[in-house]
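Undergrad: give me coordinates for this.
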Amino acid sequence: MPKGKNRNAKGQGSFTRNDNGTVTYRKGVGFKADGNRKTLTVTAATEAACIKLMKQKEAEWLNEKRRTQISESDNVEELCQRHLEFQIQNGELKPKSIDRREDTIRNQIGKYQIGKMQIQAITPADVENHISTLIKTGLSVSTIKKCLDVLNAGYEWAVVRSELSYNPVLQIKRSITKRLSKLENKAAADADVIVLSVEEEEAFYKETQKRNVNNGKYKYAGGLYGALLLHTGMRTGEMISLQWKDYDAENGLLTINKSTSMSRNRKAKGEAGTKYVAIQGSTKNQKARVIKLSDDALIDMKRIREVKPGRPDELICRTKTGRQYTATMLEHCMGTIYKHTGFLSQVSGLHILRRTFATRMYENGADVKEIAAYIGDLESTTMQYYIAARKKVVVGDEVRQFVPLPGSRGSGGEQDKKGDAPAANRSTSE
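TA: Residues are numbered from 1 along each chain as shown. Model prediction:
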């Protein structure tokens, strides 16, 4: 074949002779899931060899297409799963988000009647009935909203691919969202954000510092890390990613520029494979920050270094064997501390330490913008999810919720002094 391009028969692609004597064969084979044309390309010594390679590549492409193609016999769970596979293949989701979506498909869709229904048979009424069923089970509003989003995204994906003619979720999504939002409305006595009270904070910190009588070592392996979370407001993933080179002891600065999360190991084979792997990435808001540590946080860092000294590239939060601490390990440790401290059942998880830190800064007069910058979040999110602006007090057997007089917030403010109950009678949970 002479040098240059030779057009094959219609629908059979074209051959191009390359400078090095090889032949490149290009052939259109239809459309991709995103609507763009799909073209396959192979290069070999001859046209015959190219045709052979192209047949192999076409077969692989068709198999992949069939795997994600929707049929009328597919049910809703299969639709959502195929959409998730498409997102994974195209790198649209982070590993942790993939895990959450898998859980939603399995637990809030696959285990219910709607998950087994054929996708063509679903009506807006079916979606509404499913949401009503989830509400009756007592699931959180955020969990139900995730389910609604997964259903809507799956159907929308099928419509864009022209494999379905309409999306039954979209028609009622707005009304369902309003309905779910009403469920989040709080009564006058409900706390907006659950944080540790000043008394609880002191008790928690005291418990983290306890040592064993027989050997003088700290009683809790992760206790010092819990204290550091309380005094910095960091996310757990940010803290367990810290290396000693991120800590400037001389100037009391800490650089937070990465975060670690655990996700399912999809490459594991058999029971012997590791079920979860650590995934390190950027911080949640994609912004690194350098924070000035408080005196309490500096003491925490000093004590951690005494127990776990290390080279600049070594992790600050690591186990006795040198492995990286995980959020699950810390949750178990903090749960034990909460129990030994006698906290109420509302006090759980690690995020309450971050919320407590933000609330305490707010009570001490810090601006929301300053708090958001320090903990690495948006101002709106910080105010809505991390700052407890209402105070809870106990008067006899009655719990009352009040908003302090603006300008007098803080543990020593006028509202605290003139409130319905003295500080000693306050509930142990705000």
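Undergrad: quick one: low-confidence ranges for the stretch 301-430 of the chain?
TA: Residue ranges of the stretch 301-430 of the chain with pLDDT under 70: 344-346, 390-405, 407-430.
Undergrad: now the helices for it?
TA: 327-341, 351-363, 368-375, 379-385, 414-418 (DSSP state H, counting those that start in this stretch).
Undergrad: out of those helices, which is closest to Lys287?
TA: Checking the helices of the stretch 301-430 of the chain against Lys287 by C-beta to C-beta gives helix 368-375 as the closest, at 9.4 Å. For every residue, glycine as well, the C-beta is placed using N, CA and C.
Undergrad: helix 351-363 and that closest one, what's the angle between them?
TA: Going by axes from the mean of the first three to the mean of the last three C-alpha atoms, to 10 degrees, helix 368-375 is angled at 140 degrees with respect to helix 351-363.
Undergrad: sorry, back to before: please identify the deepest-packed of the helices of the stretch 301-430 of the chain.
TA: Highest mean neighbour count of the helices of the stretch 301-430 of the chain: helix 351-363, a mean of 22 (counted as mean count of other C-beta atoms under 10 Å).
Undergrad: other residues contacting that helix?
TA: Contacts of helix 351-363 with the rest of the structure, by C-beta atoms under 8 Å, 6 or more residues apart in numbering, involve 193-196, 201, 226, 229-235, 334, 368, 370-371, 374-375, 382, 385-389, 409-411, 430.
Undergrad: report the buried members of the residues you listed.
TA: Buried members of the contacts of helix 351-363, scored by 16 or more other C-beta atoms under 10 Å, are 193-196, 201, 226, 229-235, 334, 368, 371, 374-375, 382, 386-388, 409, 430.
Undergrad: which of the residues you listed fall in strands?
TA: Among the buried ones among the contacts of helix 351-363, DSSP state E puts none in strands.
Undergrad: so what's Ile119 scoring on pLDDT?
TA: Residue-level confidence at Ile119 comes out at 91, pLDDT.
Undergrad: also the one 5 residues further on?
TA: Pro124 is assigned a predicted lDDT (pLDDT) of 95.
Undergrad: contacting residues for it?
TA: Contacts of Pro124 were listed using C-beta under 8 Å, 6+ apart, and they are Pro168, Val169, Gln171, Ile172.
Undergrad: residue contacts, the second one?
TA: By C-beta under 8 Å, 6+ apart, the contact set of Val169 is Pro124, Val127, Leu148, Leu151, Asn152, Tyr155, Glu156.
Undergrad: dump the longest helix seen in the chain to PDB, restricted to CA.
TA: When the chain is parsed with DSSP state H, its longest helix is helix 47-68. Taking Å, rounded to 0.1, in the frame of the first residue of the first chain, the C-alpha atoms of helix 47-68 are listed here in PDB:
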ATOM      1  CA  GLU A  47      -3.500  -4.600   6.700                       C
ATOM      2  CA  ALA A  48      -4.400  -8.200   7.300                       C
ATOM      3  CA  ALA A  49      -2.800  -8.100  10.700                       C
ATOM      4  CA  CYS A  50      -4.600  -4.900  11.500                       C
ATOM      5  CA  ILE A  51      -8.000  -6.500  10.500                       C
ATOM      6  CA  LYS A  52      -7.200  -9.400  12.900                       C
ATOM      7  CA  LEU A  53      -6.300  -7.100  15.800                       C
ATOM      8  CA  MET A  54      -9.400  -5.000  15.100                       C
ATOM      9  CA  LYS A  55     -11.700  -8.000  15.300                       C
ATOM     10  CA  GLN A  56     -10.300  -8.800  18.700                       C
ATOM     11  CA  LYS A  57     -10.600  -5.200  19.900                       C
ATOM     12  CA  GLU A  58     -14.200  -5.000  18.600                       C
ATOM     13  CA  ALA A  59     -15.200  -8.100  20.500                       C
ATOM     14  CA  GLU A  60     -13.800  -6.600  23.700                       C
ATOM     15  CA  TRP A  61     -15.700  -3.400  23.000                       C
ATOM     16  CA  LEU A  62     -19.000  -5.200  22.400                       C
ATOM     17  CA  ASN A  63     -18.600  -7.200  25.600                       C
ATOM     18  CA  GLU A  64     -17.900  -4.100  27.600                       C
ATOM     19  CA  LYS A  65     -20.900  -2.400  26.000                       C
ATOM     20  CA  ARG A  66     -23.200  -5.300  26.700                       C
ATOM     21  CA  ARG A  67     -22.100  -5.300  30.300                       C
ATOM     22  CA  THR A  68     -23.300  -1.700  30.800                       C
END
